[in-house]
Each structure stands twice: as structure tokens, then as C-alpha cells.
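Enquirer: below: sequence and its predicted model.
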Amino acid sequence: MPDSTHLSDAPHPFPPHVGERLARGLGQLGLNAELKAPLLAYVSLLSRWNKAYNLTAVRDPRDMVNVHLLDSLAALPHVRGPRILDVGTGPGLPGIPLALARPEWQFVLLDSGIKKTRFLRQVAMELGLENVEVVHARVENYRMEQGFDTVISRAFSATGTFTRVAGHLCGPSGQLLAMKGRDADNDPEGLPAGWSVVATHSLRVPGLSAVRHLVEITKDS
Ligand SMILES: C[S@@+](CC[C@H](N)C(=O)[O-])C[C@H]1O[C@@H](n2cnc3c(N)ncnc32)[C@H](O)[C@@H]1O
């Protein structure tokens, strides 16, 4: 395990153009430039812990800016607060970038992998993220008295499986959002009874040529 006592002192291990790329992307998404510093601090932690914990296959911090940070933030206009659950968050995607962008909302970041949640607790502590709770659990076993406004996942599973294992965590007027790559996977046949795909949004991510998709699923009324 990386020695956490040294992490906060570590300089960002990136050349200036990494920050410039991020600042440009934030501008294109209409987001505050002040997000740049905490997002780079997150990428710094991610790339350091990745060496020991293998948290993401994306190893180059320059690629992390587009593939992880801006990709996560591109979903923000469709996320409804104030209570968000990120299912299978892995190293905190999209949960950490979203929580940084919306400090007034409450985020639960859930993953069944102990290395992921250990890393995320460190991130929340180092970045002072008081709006983030980290939960180590399988989503199908996780229960919450009050449902969430948005239950989101990125690269987690087929849309039908996501709905089956996480649907019980949606509040009465909540929504499920499944972040997908090129293939939207919005096949209504795969959904459990009583749930429908109400929209598939195409997302443009700064710096990425391929279109991403966001599948919105709600309970039938
Ligand atoms: C492909 S990774 C995606 C991680 C992250 N969302 C991203 O976009 O990089 C899928 C994650 O889901 C987690 N996972 C798989 N099944 C799960 C379950 N039943 N409950 C909670 N987490 C699960 C895995 O541990 C893994 O971190």
C-alpha cells in the first residue's frame, strides 16, 4: 500500500500542458476553472496509487484528463441531486469529479473491491470531500432507507443488469443513469418489468473523438 503520509506533500507529477488541457476542457463543458486544482490533485493520487493497486488501465495522467475526468463531468447536466449513488465507482469515476463539481450535493461511492474503497477513503480525506461517503459492498446487498435522486454507473454492466441490481436504491422520482461508450446498450428487452429507458443522451467529451452515451432509465409510473 502506498505510504499515505507522503501523498499530500507530493507535487503533481505532470508538465503544465496537462493542466492546460484540463482547463480547456472545463471551459468547453461550461465548468468553473477553479475545479482544475482539486481534479489534478485527484489524478495525482490516482496515478501514484495505481502503481501499487492497479486501479485503472489508463496509466498516463494526460490520458486520465480526457478519458476519466472530462468524460465523468460530461454527464453532469443530466445528474439530478441532491443525493447521488455511484455504483461500481472503481477509483471514483464518475463520483469524485462530480462531487468536486457539486459540493452542495451528497455522494455515496460504492464498490465491492476493497482496494478501490481504501483508495477512495484516502482521496476523500486528502481532498477534504465532506460530501462523499465511501461504501464497501456489493450493490445488490446494499440498502438505504431513503432512495437516491440519481443512481449512476460508468462501465459497470449491461443496462438490464444495472437496473436489476441497483433499481431498489432509486427514490420514488429517482433516475438511473448508465454511462456507456460508443455502444449505447439501451435495449429495452433487457430491462426488468416496470422499468423503461426514457432517453439516450449523446455526450461530447472534450479531447475525445468518439461519442459517449448516457442511458436514462426510470420506474414506470
Ligand atoms: C469496469 S470497473 C468501472 C469502474 C469505474 N466506474 C470507471 O468508470 O472506471 C467496474 C467496477 O464495478 C465494481 N463492481 C463489480 N460488481 C459489483 C457489485 N456487484 N457491487 C459493487 N461493485 C461492483 C468492480 O469492483 C469495479 O471496480
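Expert: Noted; the coordinates are in hand.
Enquirer: what segments of the protein are helices?
Expert: With DSSP state H as the definition, the chain shows helices at residue ranges 16-28, 36-53, 61-64, 71-73, 95-101, 114-126, 159-166.
Enquirer: stretch 173-189 near the ligand at all?
Expert: No: judged by C-beta under 6 Å from any ligand atom, stretch 173-189 makes no contact with the ligand; its nearest approach is 7.2 Å. Every residue, glycine included, has its C-beta placed from N, CA and C.
Enquirer: outside of that stretch itself, list whatever touches it.
Expert: Identification of contacts with stretch 173-189 by C-beta atoms under 8 Å, 6 or more residues apart in numbering yields 71-72, 75, 78-80, 94, 147-156, 158-160, 162-163, 166-167, 170, 195-197, 200, 210-218.
Enquirer: who's in contact with the residue nearest to residue 73 when sequence neighbours are not counted?
Expert: Sequence neighbours aside, residue 97 is the residue nearest to residue 73 in space, at 5.1 Å (criterion: C-beta to C-beta, 6 or more residues apart in numbering). By C-beta under 8 Å, 6+ apart, the contact list for residue 97 reads 39, 42, 68, 69, 72, 73.
Enquirer: let's see it at 7 Å
Expert: For residue 97, the contacting residues are 39, 69, 72, 73, by C-beta atoms under 7 Å, 6 or more residues apart in numbering.
Enquirer: pLDDT score for the residue nearest the centre of the chain?
Expert: To find the centre residue of the chain, average its C-alpha atoms and take the closest one (C-alpha atoms, centre = their mean): that gives residue 94, at 1.1 Å. Listed pLDDT for residue 94 reads 98.
Enquirer: distance of the residue nearest to residue 73 relative to residue 193?
Expert: Shown here: residue 97 relative to residue 193, a distance of 34 Å by C-beta to C-beta, to the nearest Å.
Enquirer: what's the answer for residue 65, then?
Expert: Applying C-beta to C-beta, the value for residue 65 to residue 193 is 41 Å.
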